[in-house]
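Chemist: Need coordinates for the below:
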Amino acid sequence: MKESMQVMFQKAKPFLAVVFLQAGLAGMDIISKAALNEGMSNYVFVVYRHAVATIVIAPFAFALDTKIRPKMTTAIFVKIMLMSLLEPVIDQNLYFLGMKYTTATFAAAMANILPALTFVIACFFRLEKVKVMSIRSQAKIIGTLATVAGAMIMTLVQGPHINLPWTRSGIDHAHHHGEVSLHHTIKGAIMITIGCLAWACFMILQAITLKTYPAELSLTAWICLLGTAEGAALALVMEKGNSSAWAIKWDTKFLAAAYSGIFCSGIAYYVQGVVMKERGPVFVTAFSPLSMVMVAIMSSFILAEQMFLGRIVGAIVIVLGLYFVVWGKAKDYKSPLGEDQEIMPIKQSTLLSENIIGNGSNSNLEVVTSIVPNGKAVEEGDRELLGRK
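Modeler: Model (predicted):
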């Protein structure tokens, strides 16, 4: 009996781990939205977040990458600077700015378009081949179109308000805090979409960089450090003359910066890396909508955000499109014929090193792993750091 329980627990560990991971990432969206609602500048928030992430990751990178860290060259450094601009600066600032204009639930749902965007970019750069007559290629195309359609439904169709039992008594209060105008919804959706596009470009470039600089932790530390510097430069320009924007106390703003930096760039790295090794990238990707559901429930409690039928329908269409793309990629991952290397994105948090401990990817953070004919993960540079905001 005891042995059977141990076996059952071993089988359940990957599921428990990804549920824990998604719950933590959902918490980041809620805390971040609360900090933004209190007036925290999204530009300053991104700087503090990556400063904390640098402090967390740098010691591990220094200690664990000593033997495998290659010599830094000008070409590699330029690529790292570009990655630092794409993800920490462009992606996260637009994601949090879009969240400020909309809701935490809306932002979490829109983030699920990332796999489809990465698929399109990978096709454009010929990193992924599409055979129109192949079922798995058709699934990825249909999934991509579905995610786009779902994003448009979420943005343009509001529909009737959904009265939840725990928010009905505070409906008047919620209308002032949770309802978003169509103008702000469209603006927020555009910002989040461009942010996801920047993140997808970041992952493609990171896959290329890891082939010549295979020290994942060191690369992550460099990206966080340069992202902090570049983000600070942008924040100084955008918040010029507003020194109070940099003030931080023991409040929600401090909690948001510390939580996102430590959890999404620390604990999430390790948990997702372990699960990724055991079950592969498709397994983790399939659970990403769970975070969206958690955010929707928690935001209705904590932030008094409103739910509308149109938003729910749009989110469902996005999730269905996501699973079509995941199913197509799962066939790639399992196929004994395998064709060419393909990239499977998982967005969870800021920057994920596959081997956070023992050198061996999101969130804020996420891993992108290439596929080889025998269906096993590539050890050499085809690994990527991922994450969700």
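
Chemist: which ones are touching the closest residue to Gly261 other than its chain neighbours?
Modeler: Spatial nearest neighbour of Gly261, excluding adjacent residues (Cβ to Cβ, 6 or more residues apart in numbering): Val52 at 2.6 Å. Every residue, glycine included, has its C-beta placed from N, CA and C. By Cβ atoms under 8 Å, 6 or more residues apart in numbering, the contact list for Val52 reads Ala257, Ala258, Ser260, Gly261, Ile262, Ser265.

Chemist: outside of the helix or strand hosting the fifth one, which residues touch it?
Modeler: Using DSSP states H and E, Ile262 maps to helix 252-262. Outside of helix 252-262, the residues that reach it under the criterion Cβ under 8 Å, 6+ apart are 27-28, 31-32, 34-35, 38, 40, 45, 48-53, 55-56, 248, 349-350, 364.

Chemist: Could you list the buried residues of it?
Modeler: Thr252, Lys253, Ala256, Ala257, Ala258, Tyr259, Ser260, Gly261, Ile262 (16 or more other Cβ atoms under 10 Å).

Chemist: Ok, stretch 85-94 next?
Modeler: Leu85, Leu86, Glu87, Pro88, Val89, Ile90, Asp91, Gln92, Asn93, Leu94.

Chemist: Now render the residues you listed as JSON lines, adding pLDDT and distance to Lys211.
Modeler: Output for the buried residues of stretch 85-94, formatted as JSON lines (pLDDT from 0 to 100; distance: Cβ to Cβ, whole Å):
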{"residue": "Leu85", "pLDDT": "95", "distance to Lys211": "20"}
{"residue": "Leu86", "pLDDT": "93", "distance to Lys211": "18"}
{"residue": "Glu87", "pLDDT": "86", "distance to Lys211": "18"}
{"residue": "Pro88", "pLDDT": "88", "distance to Lys211": "22"}
{"residue": "Val89", "pLDDT": "93", "distance to Lys211": "24"}
{"residue": "Ile90", "pLDDT": "95", "distance to Lys211": "23"}
{"residue": "Asp91", "pLDDT": "91", "distance to Lys211": "22"}
{"residue": "Gln92", "pLDDT": "91", "distance to Lys211": "25"}
{"residue": "Asn93", "pLDDT": "95", "distance to Lys211": "28"}
{"residue": "Leu94", "pLDDT": "95", "distance to Lys211": "28"}
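
Chemist: between those, which is nearest Met154?
Modeler: Set against Met154, the nearest of the buried residues of stretch 85-94 by Cβ to Cβ is Leu94 (16.8 Å).

Chemist: who touches the closest residue to Ile194 other than its chain neighbours in this structure?
Modeler: Using Cβ to Cβ, 6+ apart and skipping the chain neighbours, the partner closest in space to Ile194 is Leu94 (5.4 Å). Taking Cβ under 8 Å, 6+ apart, we find Leu94 in contact with Met191, Ile192, Ile194, Gly195, Ala198.

Chemist: ok, these vs Ile142, which is closest?
Modeler: Among these, and counting by Cβ to Cβ, the member closest to Ile142 is Ile192, at 22.5 Å.

Chemist: wait, that closest one sits on Ala107?
Modeler: Yes. The pair Ile192 / Ala107 is scored as a contact, 5.8 Å apart, by Cβ atoms under 8 Å.

Chemist: so what's in contact with the two at the same time?
Modeler: Both Ile192 and Ala107 are contacted by Tyr95, Gly98, Met99, under the criterion Cβ under 8 Å, 6+ apart.

Chemist: Just the ones of those in helices?
Modeler: Tyr95, Gly98, Met99 (DSSP state H).

Chemist: hey, C-alpha coordinates of the helix holding Ile262 in PDB?
Modeler: Extracted as PDB, the C-alpha positions of helix 252-262 are listed here (Å, rounded to 0.1, in the frame of the first residue of the first chain):
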ATOM      1  CA  THR A 252       2.100  46.600  -2.800                       C
ATOM      2  CA  LYS A 253       4.600  48.200  -5.100                       C
ATOM      3  CA  PHE A 254       7.500  46.700  -3.300                       C
ATOM      4  CA  LEU A 255       5.800  43.300  -3.000                       C
ATOM      5  CA  ALA A 256       5.100  43.300  -6.800                       C
ATOM      6  CA  ALA A 257       8.800  44.000  -7.700                       C
ATOM      7  CA  ALA A 258      10.100  41.500  -5.200                       C
ATOM      8  CA  TYR A 259       7.600  38.800  -5.900                       C
ATOM      9  CA  SER A 260       8.000  38.900  -9.700                       C
ATOM     10  CA  GLY A 261      11.800  39.100  -9.500                       C
ATOM     11  CA  ILE A 262      12.200  36.300  -6.900                       C
END
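
Chemist: Many thanks, we can stop here.
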